[in-house]
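> this is the structure alone, sequence omitted:
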């Protein structure tokens, strides 16, 4: 009797899994390009790159979805100054993502935590995997040109779930120039290769600081480490983003107007990188290795 109940329960779980798999497949079929922004270690500006990339793509007229799967330390809502909330959808009772721009939608765990944004998410792997799958299956995404996925640092449950759940996703790996970051980046590169995820390219962030007094470049974290790593690994190097104090100021206030200020070296280099990503998405050009 007990074995029969257990078998029935397992069958129900399998049926639910198959149904969710179909929902995920249906959602992903409406998304042209999926980009996982990842890093080997924290503190390299990965979430800023993901947020700015999403906004820059939307400003170019693309339909963009930004999915924040950093469930323990979501930065996207605060970087964007996101004020909206999850809304009931119109199809099958699905919830709607938060609308940030007319052609940009965002989902993160923070809008689901209620009033206290400082609530800690103390979750183990299976629960995190389930939430990420629900972000795809239970959210009413529009037809999208780009889905940008902001992952926590490292090669744990979150990037692995994305790799297994979102076939065709490509990795954009963010690093800083110094060896302590590059050592972890090489682990991220090997992770992508082991799970058969194409690597779109490497981005070197915090690549020098222009002195506001003399105008000379200060190599706080060294430079060219990302470029040399990309060359050694046979990967595309997408650009070097300099340190920019305005990023810190706007990151704390939820602003993104720096993307319109072409007087900033960061903005010029970032927009050049975005243009390259758009071109690669249109041509479908493979990675170098």
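Nice, I can see it. Nothing here was measured: the structure is a model prediction, and the numbers come from that model. Numbering: from 1, shown residues only.
> show the subsequent helix or strand relative to the helix or strand of the chain with the lowest mean pLDDT.
When the helices and strands of the chain are compared on mean pLDDT, DSSP states H and E, strand 87-88 comes out lowest with a mean of 70. Going down the chain from strand 87-88, the next helix or strand is strand 95-96, by DSSP states H and E.
> near residue 248, how many other residues are there?
Residue 248 has 11 neighbours, counted by other Cβ atoms under 10 Å. For the C-beta atoms, the positions are set from N, CA and C on the backbone; glycine is no exception.
> show me what the helix or strand it falls within is packed up against.
Take DSSP H and E as the rule and residue 248 turns out to sit in helix 245-253. Under the contact definition 3 or more Cβ pairs under 8 Å, 6 or more residues apart in numbering; DSSP states H and E, helix 245-253 sits against no other helix or strand.
> next one: the helix or strand following it to chain centre, how far?
Following the chain from helix 245-253 toward its C-terminal end, the next helix or strand by DSSP H and E is helix 265-283. Here helix 265-283 is found 16 Å from its chain centre; the criterion is Cα atoms, centre = their mean, to the nearest Å.
> avg pLDDT for helix 265-283?
Average pLDDT, helix 265-283: 93.
> can you tell me, leaving aside adjacent residues, what's nearest to the most centrally placed residue in the chain?
The chain has residue 150 as the residue nearest its centroid, 2.2 Å off, counting by Cα atoms, centre = their mean. Among residues not flanking residue 150 along the chain, residue 50 sits closest, at 3.9 Å (Cβ to Cβ, 6 or more residues apart in numbering).
> and what of residue 169?
Setting aside the residues directly before and after it, residue 169 is nearest to residue 34 in space (Cβ to Cβ, 6+ apart), at 4.1 Å.
> what of residue 218?
Using Cβ to Cβ, 6+ apart and skipping residues adjacent in sequence, the residue nearest residue 218 is residue 209, 4.7 Å away.
> and what of residue 85?
Using Cβ to Cβ, 6+ apart, the closest residue to residue 85 is residue 111 (5.3 Å).
> what about the strands in the stretch 151-289 of the chain?
In order along the chain, the stretch 151-289 of the chain carries the following strands (DSSP state E, counting those that start in this stretch): 170-175, 198-205, 209-210, 217-218, 237-241.
> now do the stretch 1-150 of the chain
Using DSSP E, counting those that start in this stretch, the strands found in the stretch 1-150 of the chain span residues 31-39, 64-68, 87-88, 95-96, 98-101, 104-107, 144-150.
> any chance of the ones you listed in a markdown table, plus distance to residue 194?
As requested, the strands of the stretch 1-150 of the chain are exported to a markdown table (distance: least, Cβ to Cβ, whole Å):
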| stretch | distance to residue 194 |
| --- | --- |
| strand 31-39 | 14 |
| strand 64-68 | 23 |
| strand 87-88 | 38 |
| strand 95-96 | 34 |
| strand 98-101 | 34 |
| strand 104-107 | 27 |
| strand 144-150 | 18 |
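> of those strands, flag the one that's most buried.
Sort those by mean neighbour count, taking mean count of other Cβ atoms under 10 Å, and strand 64-68 sits at the top with a mean of 27.
> if we can go back for a sec, burial measure for the residue nearest to residue 85, as a count.
With neighbours defined by other Cβ under 10 Å, the count for residue 111 comes to 19.
> same question for residue 214.
7.
> before we move on, back to that, any idea how far the residue nearest to residue 85 lies from residue 139?
Remark: distance between residue 111 and residue 139 (Cβ to Cβ, to the nearest Å) = 12 Å.
> quick check: neighbours shared by those two?
With contacts defined as Cβ atoms under 8 Å, 6 or more residues apart in numbering, no residue is adjacent to both residue 111 and residue 139.
> what's the spacing between the residue nearest to residue 218 and residue 79?
Noted for residue 209: a distance of 20 Å to residue 79, by Cβ to Cβ.
> out of the two, which sits in the busier spot?
Counting neighbours by other Cβ under 10 Å for residue 209 and for residue 79 shows that residue 79 has the greater number, 24 against 17.
> quick one: contacts for that one?
Residues in contact with residue 79 (Cβ under 8 Å, 6+ apart) are 47, 48, 51, 251, 254, 256.
> what of residue 81?
With contacts defined as Cβ under 8 Å, 6+ apart, residue 81 is in contact with 253, 254, 255.
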